[in-house]
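Student: how does the following fold in three dimensions:
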Amino acid sequence: MKTRSICLKTLLLIMSIVVLALPWIASAATVVNDTFADGNSTVQDLANNSIRIFQGRSTTVRTDAVGSVNFNLAATTSAEAFWGFFTNSGSPVNLNVGDKLTVSGTFSFTGFGGGGQDIRFGVLNSLGTRNTNNLTGGMNETTFVNDPGYALDFFPSGSSGTPFNILRRTNLTQGNVFNAIGDFTVIPGSGATVRQTLANNISYTLTYSIERLNATDTRISVSVTGGTLTNLNFTSVESSATPNTAFDYFAFRVANNTFAQQIKFTNWLIDYTAAPPVITSQPQPSNLTVQVGSNVTMAVAASGNQLSYQWQRSGNPIPAATNPSAITPTLNLTNVQLSDAGSYVAVVTNPTASVSSNPVTLNVSTDPVPPPPGITTQPADTTVTVGNPTALSVVATGDNLFYQWFKNGNLIQGATGASLNFANAQIGDAASYAVVISNSSGSITSNPAKLLVVSGMTIANVAPNNGSTDICIDTPLRITFNQAPKVGNTGRLQIHQDDGSIVDTIDMSLAAQSRLNGTVNFNYFPIIVTGNTAAIYPHLKLAYDRTYFVTMEPGVITDTSGAPFAGISNPNQFAFSVSSSARLPCRHRSA
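Tutor: Sure thing, here's the model as predicted:
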């Protein structure tokens, strides 16, 4: 047999990935570094390192200059706060395990008295709700309700008591974030135990880091440097099944003008350090011999933030210009030739480090090779009620078979059997699944199978009643369920005429629905829920003297958890007849 490398007419090689113990040096990626170079602290231009800094009181006088923003508190008799959003709305920095976010602010005081009062600092998540103007009542506004995050209580003066407390915001019902430090729960830690007093007109930098150590442990560290300060730092580790993992703004609160007459900010720096990529399983098989003319697919699954991919053959990057898939998780090789033989490796990179998969040796033969796997029974579309068990299965032929399941095209770690089992099916399991079966001679991909996870809700009754006659042409349709429904955003409700034709379709995936009223089109809600009943308003009036039936796809209606109602497919479940003439009495819209 003449061999340079691989395969059959179609070959799919599955590459999954496991963490490699490689040394790495963390390097931070700057999210924003605002040095106030534009001389304007009221401009939000994150792409050009400009954060809008908000203030809480109208008595505080702002003075912008190139390189700084100064806030005069002389007329401010109540506590003042300053805050800024360092990402675009709806796009917080999300921390996976191993990731770290660091927020640093450089500031100085004039007329600093301290008086043993504190600076309160926080890194929080707005959850997409943001104020867009300065406030007048301090950091007090309804958009701050529900914002989770971590905080700091820092005492920059006074001779008694510790300088730091690191905290988690636990009372999320208050619009005034820092009004009561009791709204936060202290996270015990270690570090500096003696307060050090700040001085006037000296630049200090407060650095606050949040690092996810594992699924439950988060390390929060703070340091304050500048002037004569020494070893002023503190670290806490929170163990929680529900750690805070997303952040998009910082807040800096000081006491009134007895604390300081002025505060000047000269820099806000936000850095994000990603954990190195994680490779979760090695390629199976690691050696392939296939026939000239085959198609080959190598798929890589990796976890981590800001990932990029580069496939290599025999140590050389495969140019994206000649094969665009070379910089994606899935490498596609079509009509392989002898020259395609070699060792293939996927290099996965993020701002911190790169990791490489184990090599796959691809041999291409001009002679026939042993048969690859074959599928005798394809996985089938399956519907299951939420919370119940189910499985997708495949039956294949061939020697030394390796199975790998995919969900919506993404590799499922550990799903390497002939069956994919769901012990307790949930809404998030609903997807399209396929399995790739491989051996040393090639691979084959199953047909996709859809898993639909539906609610256990049922129909209590319909109106008009099933089989009703003499119904008005504009009667709303009503379906009452055994539990409260919600209007969904997928699927279609259709009204069919007795000859099988579809006379109206309400497509819930559409952003707007319109209905003709005389000669005017207007937008309207085609389904309105009241209690356990969904009222359905067709786009048009029905025709006289016809019989109709209603069908409904999953997703048109859901239960309160979001699980879709299974729908109506039986034409005899919701059918009725319209009166034969406008001159005859009909059962009107109250039916």
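Student: the helix or strand that contains Asn165 - contacts with which helices or strands?
Tutor: Assigned by DSSP states H and E, Asn165 belongs to strand 164-169. Other helices and strands packing on strand 164-169, by 3 or more Cβ pairs under 8 Å, 6 or more residues apart in numbering; DSSP states H and E, are strand 149-154, strand 184-186, strand 189-191, strand 217-225, strand 233-239. In this view, the C-beta of every residue, glycine as well, is placed from N, C-alpha and C.
Student: deepest of those strands, which one?
Tutor: Sort those by mean neighbour count, taking mean count of other Cβ atoms under 10 Å, and strand 149-154 sits at the top with a mean of 23.
Student: check the offset of that one from the chain's centre.
Tutor: Strand 149-154 has its C-alpha centroid displaced from the chain centroid by 25 Å (Cα atoms, centre = their mean, to the nearest Å).
Student: tell me what it is packed against?
Tutor: Counting contacts by 3+ Cβ pairs under 8 Å, 6+ apart, strand 149-154 packs against strand 119-124, strand 164-169, strand 204-212, strand 217-225.
Student: got those strands as a markdown table, with mean pLDDT and distance to Thr416 columns?
Tutor: Converted to a markdown table, those look like this (pLDDT from 0 to 100; distance: least, Cβ to Cβ, whole Å):
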| stretch | mean pLDDT | distance to Thr416 |
| --- | --- | --- |
| strand 119-124 | 98 | 40 |
| strand 164-169 | 97 | 39 |
| strand 204-212 | 98 | 28 |
| strand 217-225 | 98 | 30 |
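Student: export these as a markdown table, with columns for distance to Leu333.
Tutor: Below are the helices and strands packed on strand 149-154 laid out as a markdown table (distance: least, Cβ to Cβ, whole Å):
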| stretch | distance to Leu333 |
| --- | --- |
| strand 119-124 | 46 |
| strand 164-169 | 50 |
| strand 204-212 | 38 |
| strand 217-225 | 43 |
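Student: how about Asn214: what's its closest non-neighbour residue?
Tutor: Val97 (5.7 Å; Cβ to Cβ, 6 or more residues apart in numbering).
Student: my guess is the one you found contacts Asp217, does it?
Tutor: No - between Val97 and Asp217 there is no contact, the gap being 9.3 Å when judged by Cβ atoms under 8 Å.
Student: now do the SS call for the residue lying closest to Gln312 once chain neighbours are set aside.
Tutor: Sequence neighbours aside, Val345 is the residue nearest to Gln312 in space, at 4.9 Å (criterion: Cβ to Cβ, 6+ apart). For Val345, the secondary-structure state derived from DSSP: H, G, I helix; E, B strand; the rest coil is strand.
Student: same question, Gly428
Tutor: State at Gly428, reduced to three classes by three-state DSSP: helix.
Student: report pLDDT for it.
Tutor: pLDDT, Gly428: 92.
Student: count of neighbours near it?
Tutor: 9 (other Cβ atoms under 10 Å).
Student: cool, Pro368 as well?
Tutor: Using other Cβ under 10 Å, Pro368 has 10 neighbouring residues.
Student: tell me which residues touch it, please.
Tutor: Residues near Pro368 by Cβ atoms under 8 Å, 6 or more residues apart in numbering: Gln291.
Student: confirm that it sits in a helix.
Tutor: No - going by three-state DSSP, the assignment for Pro368 is coil, not a helix.
Student: quick revisit: can you check the pLDDT for the residue nearest to Gln312?
Tutor: 95.
Student: same deal with Ser5?
Tutor: 37.
Student: ok, the one 3 residues further on next?
Tutor: Here, the pLDDT recorded for Leu8 equals 35.
Student: isn't Pro389 up against Leu420?
Tutor: No - checked against Cβ under 8 Å, the pair Pro389 and Leu420 is beyond contact range at 11.9 Å.
Student: settle it for me: which of those two has more neighbours?
Tutor: Taking Pro389 and Leu420 together and counting by other Cβ under 10 Å, Leu420 has the greater number of neighbours (23 against 10).
Student: that older thread, quick one, which of the helices and strands packed on strand 164-169 is nearest to Thr35?
Tutor: For those, distance to Thr35 was read as Cβ to Cβ. The smallest value, 17.4 Å, belongs to strand 217-225.
Student: what helices and strands are in contact with the closest one?
Tutor: In terms of contacts (3+ Cβ pairs under 8 Å, 6+ apart), strand 217-225 is packed against strand 149-154, strand 164-169, strand 204-212, strand 233-239.
Student: for Val364, which of these is the nearest?
Tutor: Comparison of the helices and strands packed on strand 217-225 against Val364 by Cβ to Cβ identifies strand 204-212 as nearest, at 44.5 Å.
Student: circling back: look at the residue nearest to Asn214 and give its secondary structure.
Tutor: Strictly by three-state DSSP, Val97 counts as coil.
Student: residue contacts, it?
Tutor: Arg212, Leu213, Asn214, Ala215, Ala275.
Student: now with 7 Å?
Tutor: Val97 makes contacts with Arg212, Asn214, Ala215, Ala275, as judged by Cβ atoms under 7 Å, 6 or more residues apart in numbering.
Student: in a helix, the second one, correct?
Tutor: In other words, Asn214. No - applying three-state DSSP, one finds Asn214 to be coil, outside a helix.
Student: report the separation between it and Glu238.
Tutor: Per Cβ to Cβ, to the nearest Å, Asn214 is found 12 Å from Glu238.
Student: so Ser325 touches Thr334, yeah?
Tutor: No - under the criterion of Cβ atoms under 7 Å, Ser325 makes no contact with Thr334, lying 9.8 Å away.
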